[in-house]
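**Student:** What would the 3D arrangement of this be:
(chains A and B)
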2 protein chains.
Amino acid sequence: MTRKAAIIGGGVIGGGWAARFLLNGWDVAVADPDPEAGRKIGAVLENARHALPALYDRPLPAEGRLTVGLPLAEAVAGADWVQESVPERLAAKHAVFEAILAAAPESAVVASSTSGFKPSELNRTGDRVVVAHPFNPVYLLPLVEVVGAEARTAPAAEVLRGLGMLPLVLAREIDAHVADRLLEAVWREALWLVKDDIATTAEIDDAIRMGFGLRWAQMGLFETYRIAGGEAGMAHFLAQFGPALQWPWTKLTDVPDLDEALVAKIAAQSDAQSGARDVRALERLRDDNLVAILRALKRQDAAAGAVIAAHEATLPLPGTGPDGLPVMHALQVPPSWADYNGHMNEVHYLEAAGRAGDRLMVVLGADAAYVAGGRSYFTAESHVAYLSEVRIGTRLTVTTQALAGDGRKLHLFHRLWAEDGEAPRLAATVETMLLHVDLATRRVSHPSAGVAAAAQAMVADHERVPRPDRVLLGRRAG
Amino acid sequence: MTRKAAIIGGGVIGGGWAARFLLNGWDVAVADPDPEAGRKIGAVLENARHALPALYDRPLPAEGRLTVGLPLAEAVAGADWVQESVPERLAAKHAVFEAILAAAPESAVVASSTSGFKPSELNRTGDRVVVAHPFNPVYLLPLVEVVGAEARTAPAAEVLRGLGMLPLVLAREIDAHVADRLLEAVWREALWLVKDDIATTAEIDDAIRMGFGLRWAQMGLFETYRIAGGEAGMAHFLAQFGPALQWPWTKLTDVPDLDEALVAKIAAQSDAQSGARDVRALERLRDDNLVAILRALKRQDAAAGAVIAAHEATLPLPGTGPDGLPVMHALQVPPSWADYNGHMNEVHYLEAAGRAGDRLMVVLGADAAYVAGGRSYFTAESHVAYLSEVRIGTRLTVTTQALAGDGRKLHLFHRLWAEDGEAPRLAATVETMLLHVDLATRRVSHPSAGVAAAAQAMVADHERVPRPDRVLLGRRAG
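**Tutor:** Prediction:
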């Protein structure tokens, strides 16, 4: 049964939550008195549809149903998850939670996006409300800080993992949780640097994104410093750098006054730095960069990429393609696959077919364990026929016909189907000839009896589908 | 003439500088009294050789000559750049700079890697010494903070740009420059979190790399917050979040005491988090992740990726391949191109050929301006013949033979040459048929007279090379 999330407050964070739930197949009801809420959530959702599915090499579930503009009590009725994202004023939050608790099912998780308040402040009685503090853009970044009573946070974390997020369940509550304490510290120092004319906002941003920001996209503070300590490890690093690190501490802990002059200065510098792009263009730039980084990390199976890979593994493939063959690969074409002609670059036709081939290997039993056992298939030849252009955001589905699978050869024919509004059309065909290889000698060899039998059975089964009109490989020409 | 860098102090930072210079074609002399210096620099250099060239889709210059173990005066003799990276003790640095200034050419840039000291502290007289503060790993991260007298920093910045780095020239000197002030602030807060048992080192690292660390790999603090402010911009963000941000400031500015108990606690948590991998494995993991992120950003032409793209554009291609044809593409196979069979994935053979094709377009005059004018070539068919495996780190060179270029078709034959120690061997051939397209109608059309003439001239020129034995495209078969 489709699950339902109620989103209370439809700003940037609430809209991000709405998108995260919707694109993972949940129905979403948004309560927000702002008459513009529908438009604002629509804008976030448009960004999310462009970006979140592009992280995965599997299709996400069919999008849930979105309802905007309901009264709070109606929005939370029947909800499995209620997420509060109203402004950071405790009295306002208390009023909202009172209304939520009066109308939401007993079984619903009730969570707050607060970046500052502790569960003990949010709950006037009991422990029902937990903190689930996400990071913008909520539809892309995995991190959610989860704080509250253990009986409440465990089921909440389970749901968040199902949304592809990384719940960081904190053992103890604290003002501003963990990440925002770190962010506040940076913010405070950055304000000093601007105020004292040491650096502009653009220079500070470069100091971050050209240096430690790159490190922190994959390892955090401690693991990075552990490496800096070299072979002697962390205690050595602390012994060596501890005194040097302590030295500036004594000077940099004052709090700058965020007065009118400083606000005006920051705003002017920020305009000079980023004003050439409006906020929509900046969001798109940010999201395309994040998708590119996250996909790169997914391929490394590292850091946030590992979270996405684990989520992807839980996503089912659609069963059957337009030609009646099983679907071996399906994805929404990511922005990073575009080239200067404004369409999917030729390379990624082969990439999609290659992933379908990887999947077919698993089906045949030539899986990771088989490879670990010293045998695999290598591609010997590929022929790609590009039949039509594919745009970014298009849903691509790959079916694979096994044409021959006797002995050491495996002859496959992939069809790439593009869906962008109309009926699926054949965008390309990729014919490949693979050879079975002994990984110790790197020479052609016979597959195991099991794999050989599976290949032959698949070829026999696929004879129900007409053989392609044009087959180029498996003969010698020219 | 080959330029020379002298590296004074061969630790992690000095070794990183040595690698950055060497791999950009400079000769490098290292002065370090440590008898282990040669081995330590060798380890850094091995990592750098694996990682830095993998950022580029062009070959770096031929590696310079490394000399380790010279006395300081000999190391700096004839140097164009002298980089001091000795421990952070001012007296030691003063002694080193006295020796450097006595022996180095007048024209040499003299720079310090110091993370804390100001130029006015490093220079006992004059303004010769500048700060050039890099970030680990020095061979991968673009950022260098440059501080000092303007007449000194301008030529220094020029050299650093030539090494593919991003010199951030600061207008005013300050303790700990800019980035380390931000890092110190985070470090201070992180120590509190560990000391107070709010979070472990692993949890803090996740709070960074699963959330804001990803943002900061591409936009910094201010641009990120500008987006959070939505359509109303930065002043609105400050007005809205200023008060909330101020609130935790009042509590979080104390300095924790880095006593024995806290050191032991951090070391134990760090062992639990990262102890399963030794420091070499962690370095390799970090570098492979950074290469993947930086390549992803390069493709977006964003943030640090734009710095690498700009540097790449200055790197010349080798002239002629083993078959006498001009080289259209050359690169060192990056770690992120590996697949589960431990070699370059099939997709990247086509990618390398595709980039060669892009380059050929420029040569023919079908360049970015031509595409902007509404015309381009699209690939209609590709045939890849995989002839031998290619390992990560292999130098790959692509030559392209134009087989036919009459009218609307362009028929190319790419040869991929692999070099991994022995003579270049043919690793694959990629035959492609391209069609000239009108970008307004997306239909096949005739090229401009200039492009048509260039294509015909190229085909005629390439007839001096034997036609490939096996040509599959351009006919209808099967």
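**Student:** so where's chain A shaky on pLDDT?
**Tutor:** Residues of chain A that meet the criterion pLDDT under 70 lie in A:231, A:241-256, A:475-478.
**Student:** Now with 80, please.
**Tutor:** A:1, A:229-259, A:421-422, A:474-478 (pLDDT under 80).
**Student:** Could you pick out the longest helix of it?
**Tutor:** helix A:279-300 (DSSP state H).
**Student:** buried stuff in that helix?
**Tutor:** A:279, A:282-300 (16 or more other C-beta atoms under 10 Å in any protein chain shown). Bear in mind the C-beta positions are built from the backbone N, C-alpha and C, glycine included.
**Student:** got the angle between it and helix B:279-300?
**Tutor:** Angle of helix A:279-300 versus helix B:279-300, following axes from the mean of the first three to the mean of the last three C-alpha atoms, to 10 degrees, is 140 degrees.
**Student:** which helices and strands does helix A:279-300 pack with?
**Tutor:** Secondary-structure packing of helix A:279-300 (3 or more C-beta pairs under 8 Å, 6 or more residues apart in numbering or on different chains; DSSP states H and E): helix A:37-51, helix A:303-313, helix B:213-216, helix B:221-228, helix B:279-300.
**Student:** To A:Asn136, which of those lies closest?
**Tutor:** Nearest to A:Asn136, of all the helices and strands packed on helix A:279-300, is helix B:221-228, at 5.8 Å by C-beta to C-beta.
**Student:** got the CA coordinates for the closest one in CSV?
**Tutor:** Output of helix B:221-228 as CSV, limited to C-alpha atoms (Å, rounded to 0.1, in the frame of the first residue of the first chain):
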residue,chain,number,x,y,z
LEU,B,221,29.6,28.8,2.3
PHE,B,222,28.2,32.0,0.9
GLU,B,223,26.9,30.9,-2.4
THR,B,224,25.2,27.9,-0.7
TYR,B,225,23.5,30.2,1.7
ARG,B,226,22.6,32.6,-1.0
ILE,B,227,20.6,29.8,-2.6
ALA,B,228,19.0,29.0,0.8
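**Student:** got the contact list for that helix?
**Tutor:** A:12, A:136, A:186-187, A:190, A:201-202, A:204-205, A:208, A:266, A:269-270, A:273-274, A:279, A:282-283, A:286, B:212, B:215-216, B:219, B:233-234, B:237, B:241 (C-beta atoms under 8 Å, 6 or more residues apart in numbering or on different chains).
**Student:** same check, this time on stretch A:457-465
**Tutor:** With contact meaning C-beta under 8 Å, 6+ apart, stretch A:457-465 is reached by A:Asp323, A:Gly324, A:Leu325, A:Val363, A:Leu364, A:Gln401, A:Ala402, A:Leu403, A:Ala404, A:Gly405.
**Student:** out of those residues, which are inside strands?
**Tutor:** Of the contacts of stretch A:457-465, the ones assigned to strands by DSSP state E are A:Gln401, A:Ala402, A:Leu403, A:Ala404.
**Student:** In JSON lines: the residues you listed, plus distance to chain B and neighbour count.
**Tutor:** As requested, the ones in strands among the contacts of stretch A:457-465 are arranged in JSON lines below (distance: C-beta to the nearest C-beta, whole Å; neighbours: other C-beta atoms under 10 Å in any protein chain shown):
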{"residue": "A:Gln401", "distance to chain B": "14", "neighbour count": "24"}
{"residue": "A:Ala402", "distance to chain B": "17", "neighbour count": "24"}
{"residue": "A:Leu403", "distance to chain B": "11", "neighbour count": "20"}
{"residue": "A:Ala404", "distance to chain B": "13", "neighbour count": "16"}
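**Student:** quick check, nearest of those to A:Leu55?
**Tutor:** A:Gln401 (28.8 Å).
**Student:** Among the helices and strands packed on helix A:279-300, which comes closest to B:Ala91?
**Tutor:** Here helix B:279-300 is closest among the helices and strands packed on helix A:279-300 (C-beta to C-beta), at 29.8 Å.
**Student:** How are the strands of chain A distributed by residue range?
**Tutor:** A:4-8, A:27-31, A:66-68, A:81-84, A:109-112, A:129-134, A:143-147, A:166-169, A:327-332, A:375-386, A:395-404, A:409-419, A:425-438, A:443-444.
**Student:** and among those strands, the most buried is which?
**Tutor:** Highest mean neighbour count of the strands of chain A: strand A:4-8, a mean of 28 (counted as mean count of other C-beta atoms under 10 Å in any protein chain shown).
**Student:** How about the residues of the stretch 51-200 of chain A by chain B?
**Tutor:** A:88, A:115-116, A:135-136, A:141-143, A:145, A:166, A:168, A:170-172, A:174-176, A:178-190, A:192-193, A:196-199 (C-beta under 8 Å from any C-beta of the partner chain).
**Student:** List the residues that contact the residue in the stretch 1-150 of chain A that chain B sits nearest to.
**Tutor:** Residue nearest to chain B within the stretch 1-150 of chain A (C-beta to the nearest C-beta): A:Leu143, separated by 3.5 Å. Residues in contact with A:Leu143 (C-beta under 8 Å, 6+ apart) are A:Pro134, A:Phe135, A:Met165, A:Leu166, A:Leu168, A:Ala179, B:Asp206, B:Ala207, B:Met210, B:Gly211.
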